[in-house]
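> from the sequence below, what's the structure:
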Amino acid sequence: MHSIEKNLVNIAQQIPTNVKLVVVSKTKPIEDILQAYQAGQVCFGENKALEMKEKYDLLPKDIEWHMVGHLQTNKVKYIAPFVHLIHSVDSVRVLQEINKQALKNNRVIDCLLQFHIAVEESKYGLKLQEVQELLESETYSRFQNIRICGVMGMATFTDDKELIRNEFKTLYSYYKELKNNYFSNISSFKEVSMGMTGDFSIAIEEGSTMVRIGSAIFGERNYNV
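A predicted model of the protein is given here:
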């Protein structure tokens, strides 16, 4: 058994069946992704639109591609024809562009609203008030080609497990608030994307439905590519 396959089996044993594993394949070569795919993994996450497009062109078409990184408006067009879920909607402008490109491709694109929950200012994300204003806006009511399916957030990069837990609790509380006030009758609004290699166990305890794991499966990323 290859190490990637072993790592997948190991991670799968730590994740309940109701939690989806998004294998983060950013910077990883086609060969590594194929190994994971041949071991049964079909859901992969990328953080750069052009890299995702290149991999989509070269890999099997039943792969579910998830955009997990910051998405620039001018890059949406590259992934709009095929992306399965965009986790990282962090502005009205991005949502507007996704809707526009989805319309051009005659499809509805599933999206998650990314919240800023970390102490670090460098992380992207919306505030709760911004999301409430968006969902109540006339602009949002005109979007016919996007479907909001839940929320996403990234915890602070720290060894302080209590801080991480509290940030995940905050994200889950935002999810519940939005579900109750805006999506109560919408069954597709059900996803809480939180948890990565270093903190996914805590995220699952706090209500995550999707974890985004890369280095625990592929090994540490090569930041020089």
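> need the helices for the protein, in chain order.
3-12, 30-38, 49-58, 76-79, 92-104, 128-135, 138-141, 161-181, 200-205, 215-218 (DSSP state H).
> the fourth one packs against which elements?
What that stands for is helix 76-79. On a contact count with 3 or more Cβ pairs under 8 Å, 6 or more residues apart in numbering; DSSP states H and E, helix 76-79 meets helix 49-58, helix 92-104. To be clear about C-beta, it is placed using only N, CA and C from the backbone, and glycine gets the same treatment.
> list the contacts of the first one.
Contacting residues not belonging to helix 49-58 are listed as 25-27, 30, 33, 44, 46, 63, 65, 67, 71-72, 75-76, 78-79, 82-83 [Cβ atoms under 8 Å, 6 or more residues apart in numbering].
> can you select the buried ones among those residues for me in ChimeraX?
Buried residues among these (16 or more other Cβ atoms under 10 Å), as a ChimeraX selection:
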select :25,26,27,33,44,46,63,65,67,71,75,76,78,79,82,83
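> so what's the residue count around G214?
Counted with other Cβ atoms under 10 Å, residues neighbouring G214 total 22.
> without its sequence neighbours, what residue ends up closest to it?
Using Cβ to Cβ, 6 or more residues apart in numbering and skipping residues adjacent in sequence, the residue nearest G214 is V24, 3.2 Å away.
> what residues are bridge-paired with that neighbour?
Here V24 shows beta-bridge partners G45, assigned using DSSP bridges.
> burial count for L163?
L163 - counted by other Cβ under 10 Å - has 14 other residues nearby.
> that one is in contact with V119, isn't it?
Yes - in this structure, L163 sits in contact with V119. The criterion is Cβ atoms under 8 Å, and the distance is 7.1 Å.
> anything in contact with each of these two?
Taking Cβ under 8 Å, 6+ apart as the contact rule, the neighbours common to L163 and V119 are T156.
> contacts only, for Y78.
The neighbourhood of Y78, defined by Cβ under 8 Å, 6+ apart, consists of 49-50, 52-53.
> could you redo the last one with a cut-off of 10 Å?
Counting by Cβ atoms under 10 Å, 6 or more residues apart in numbering, Y78 makes contact with 48-54, 56, 101.
> same check on V108?
99, 102, 143-147.
> still on that earlier bit, and the helices and strands packed on helix 76-79 as CSV, adding distance to G40, mean pLDDT and mean neighbour count?
Output for those, formatted as CSV (distance: least, Cβ to Cβ, whole Å; pLDDT from 0 to 100; neighbours: other Cβ atoms under 10 Å):
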stretch, distance to G40, mean pLDDT, mean neighbour count
helix 49-58, 18, 98, 16
helix 92-104, 29, 97, 19
